[in-house]
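> next one to model:
(one chain, ligands or ions: 1)
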Amino acid sequence: MKNLYTSLISGAAFPLHEKLKGHTTVSVKKAMENSQWWSRAQLEEYRVRRLREFLSAVYAHVPYYQSLFDRLGFAASSVTSVADLQQLPFLDKKIIRENQQDLKADNATRLSQFNTGGSSGEPLVFFIGNSRVSHDVAAKWRATRWWDVDIGDREIVLWGSPIELGAQDRFRLLRDRMFRSTLLPAFEMSETHLNEFIAAIRAMRPRMLFGYPSVLAHIAQHAENNGLPLDDLGIKVAFVTSERLYQEQREKIERRFGCKVANGYGGRDAGFIAHECPEGGMHITAEDIIVEIVDPQGKVVPDGESGEVVITHLFTDDFPFIRYCTGDVASLSTETCACGRGLPMLKEIHGRTTDFIIAADGTVMHGLALIYVLREMEAIRSFKIIQETREWTRVEVVGDEHFSEQHATRIMSGFKKRLGENVTIDVERVEKIKPERSGKYRYVISKVVT
Ligand SMILES: [Zn+2]
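Next up, the predicted model:
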């Protein structure tokens with residue numbers, strides 16, 4: 001039974017909020033709650049039709065694709081299967097950077113600008129339009145409801161972005177209060193902060209948690225070490241995202257909070273790609289997103305085999321993401337899920353790992369605390385942070401022609417602010433960031449054992 005407040009919020013206030021923002025989230029979510037039960041064949045038919053419409057709209061309105069399709073002799077109207085996408089080249093961050101204006105649809109209105117580091121750590125500026133926002137929010141909303149919770153239920157968000165914190169204007173605060181979502185900044189995991197987080201969670205008794213798996217696991221561990229119970233609060237589910245979820249983290253969180261962990265996979269750039277259901281299936285938002293898994297030569301691999309995740313987001317007419325390379329490594333499942341949903345699944349996601357780093361005074365913080373220092377700099381193409389010891393951290397940087405000594409100084413002072421004034425920060429310019437032996441691109445590595 002949902003309480004009255006939740007029904008009021010999910011049934012009235014949130015729809016109004018979305019409508020005022022010009023989004024069609026409510027109707028999209030309603031359609032998605034229906035289509036999740038479709039058969040594979042029905043879903044495929046829908047996807048092909050939508051792909052054809054989408055590519056036709058893109059050809060009509062997006063200069064970059066107009067010339068590309070013309071050059072290739074590609075006709076959007078002749079698309080008869082999802083595999084027809086393979087006639088088109090990949091889209092990567094470099095192409096987006098170099099064609100930022102030509103990738104905007106000439107009929108786009110109300111585009112919002114976004115910045116992200118993506119999985120390979122390369123900063124990226126791109127744009128998203130209203131229909132895409134509606135679809136991404138609706139997909140998240142649908143997946144939330146799989147877990148018997150809803151928008152309006154009390155939620156604690158443990159997030160690390162200082163950019164988001166800075167954007168907390170009055171409207172945002174009011175909205176958060178109305179939707180009963182509380183943000184706790186999860187950058188610095190000192191003893192004091194950990195105790196404060198635990199006290200806040202105890203006082204608020206949320207129905208759901210949302211955050212990085214490493215952060216939630218860290219809090220669970222701290223509570224466990226200090227004998228602080230968290231499983232008596234009525235928390236139903238912990239939504240985790242943005243990092244690889246390790247089995248031991250899942251167990252730690254489930255044990256201490258007495259709730260289930262639901263893993264989500266996606267990004268600001270790629271959209272809401274997949275989410276776990278209570279049966280453990282990692283369901284792809286297949287109505288919106290076509291996932292291809294490709295090998296290093298760019299060939300699509302058979303289902304079940306691992307490769308890079310390449311996505312086409314079918315509702316990005318305003319700023320298209322067609323065969324966008326995410327830099328993540330995963331494989332598709334060949335199975336069907338016990339929950340009965342026809343949405344295809346990812347089998348395994350190997351890709352995203354960000355580690356914790358440890359400041360000179362012992363404060364444990366999320367690697368993103370350092371990543372954000374670099375992401376703000378336009379002149380940086382890609383980077384890798386290696387914490388060798390508590391006193392010494394190296395940063396490999398691939399910079400463009402605007403990268404200067406000033407940038408290096410800013411990196412050093414930004415890092416020292418987080419790690420301690422006396423630590424040594426080496427900024428090394430390199431031609432290319434090499435992947436790990438496993439093929440993973442980790443952008444933060446800490447060799448300091450906690
Ligand atoms: Zn399922």
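> contacts and neighbour counts: CA atoms only from here.
OK.
> give the rounded mean pLDDT of stretch 346-364.
Mean pLDDT, stretch 346-364: 75.
> residue of the stretch 1-150 of the chain nearest the ion, please.
W146 (9.1 Å; C-alpha to the ion).
> nearest residue to that residue other than its sequence neighbours?
Nearest non-adjacent residue to W146, counting by C-alpha to C-alpha, 6 or more residues apart in numbering: C277, 6.3 Å away.
> got the contact list for that neighbour?
Residues in contact with C277 (C-alpha atoms under 8 Å, 6 or more residues apart in numbering) are 143, 146-147, 262, 283, 339.
> again, 10 Å this time
Shown in contact with C277 (C-alpha atoms under 10 Å, 6 or more residues apart in numbering): 143-147, 261-264, 283, 337-339, 341.
> check Q406 too.
M412.
> tell me the phi and psi of the residue nearest to W146?
phi -100, psi 170 (degrees, to the nearest 10).
> hmm, back to that, make a ChimeraX selection of the buried ones in the contacts of C277.
Command for ChimeraX that selects the buried part of the contacts of C277, burial taken from 16 or more other C-alpha atoms under 10 Å:
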select :143,144,147,261,262,263,264,283,337,341
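> from A238, how far out is the nearest residue to V430 once chain neighbours are set aside?
Spatial nearest neighbour of V430, excluding adjacent residues (C-alpha to C-alpha, 6+ apart): V398 at 5.4 Å. V398 sits at a distance of 36 Å from A238 (criterion: C-alpha to C-alpha, to the nearest Å).
> with neighbour numbers in mind, choose between the two.
A238 (28 against 19; other C-alpha atoms under 10 Å).
> shouldn't the more buried one be within a strand?
Yes: counting by DSSP: H, G, I helix; E, B strand; the rest coil, A238 is located in a strand.
> partner residues bridging it?
When assigned by DSSP bridges, A238 has beta-bridge partners L209, V261.
> let's check: the centremost residue of this protein is which one?
Taking C-alpha atoms, centre = their mean, the centroid of the chain lies closest to G267, which sits 2.6 Å from it.
> around the ion, which positions in the stretch 251-400 of the chain sit nearby?
277, 281, 337, 339 (C-alpha under 5 Å from the ion).
> the stretch 201-350 of the chain: strands as residue ranges?
Using DSSP state E, counting those that start in this stretch, the strands assigned to the stretch 201-350 of the chain run over residues 208-211, 237-240, 260-267, 271-276, 282-284, 289-294, 306-313, 324-332, 345-349.
> for the ones you listed, which has the smallest mean pLDDT value?
Of all the strands of the stretch 201-350 of the chain, strand 324-332 has the smallest average pLDDT, which comes to a mean of 87.
> about what we covered before: quick one: which of the strands of the stretch 201-350 of the chain is nearest T109?
Closest approach to T109 among those is made by strand 306-313 (18.4 Å; C-alpha to C-alpha).
> contacting residues around R142?
Going by C-alpha under 10 Å, 6+ apart, the list of residues near R142 reads 28-30, 32-33, 36, 136, 150-151, 275, 285.
> let's verify it: helix, strand, or coil?
Per three-state DSSP, the secondary structure class of R142 is helix.
> quick one: pLDDT of it?
Per-residue confidence (pLDDT) for R142: 95.
> ok, R244 next?
pLDDT, R244: 75.
> what of the one 10 residues further on?
E254 is assigned a pLDDT of 98 by the prediction.
> please tell me how far it sits from the ion.
In this structure, E254 and the ion are 19 Å apart, going by C-alpha to the ion, to the nearest Å.
> how far away is the closest residue to that residue other than its chain neighbours from I219?
In this structure, E254 finds its nearest non-sequential neighbour in K260, 5.5 Å apart by C-alpha to C-alpha, 6+ apart. Shown here: K260 relative to I219, a distance of 16 Å by C-alpha to C-alpha.
> looking only at neighbour counts, state which of those two leads.
I219 (22 against 19).
> who are the contact partners of the closest residue to A359 other than its chain neighbours?
Among residues not flanking A359 along the chain, L419 sits closest, at 4.2 Å (C-alpha to C-alpha, 6+ apart). Counting by C-alpha under 10 Å, 6+ apart, L419 makes contact with 357-365, 369-370, 390-393, 413, 425.
> was I right about R47 contacting V291?
No: if you go by C-alpha atoms under 10 Å, R47 and V291 don't touch, sitting 11.7 Å apart.
> mind listing the shared neighbours of these two?
Listed contacts common to R47 and V291 are V82; contacts here mean C-alpha under 10 Å, 6+ apart.
> among the two, which residue is more densely surrounded?
Between R47 and V291, V291 has the larger neighbour count (other C-alpha under 10 Å), namely 25 against 20.
> that one and the ion: what is the separation?
Distance of V291 to the ion, given as C-alpha to the ion: 17 Å.
> if I pick that residue, what's in contact with it?
Contacts of V291 (C-alpha under 10 Å, 6+ apart): 82, 273-274, 284-285, 308-313, 323-324, 331-332, 344-346.
> one more time with 8 Å
Counting by C-alpha under 8 Å, 6+ apart, V291 has contacts 309-312.
> would you mind checking the residues you listed for buried ones?
Applying 16+ other C-alpha under 10 Å to the contacts of V291, the neighbour count classes 309-312 as buried.
> tell me the one of those residues nearest L72?
T312 (18.5 Å).
> mind listing what the residue nearest to the closest one when sequence neighbours are not counted touches?
Nearest residue to T312 in three dimensions, chain neighbours excluded: I322, at 4.4 Å (C-alpha to C-alpha, 6+ apart). Counting by C-alpha under 8 Å, 6+ apart, I322 touches 90-91, 311-313.
> then C259?
C259 sits next to 231, 235-238, 253 when contact means C-alpha under 8 Å, 6+ apart.
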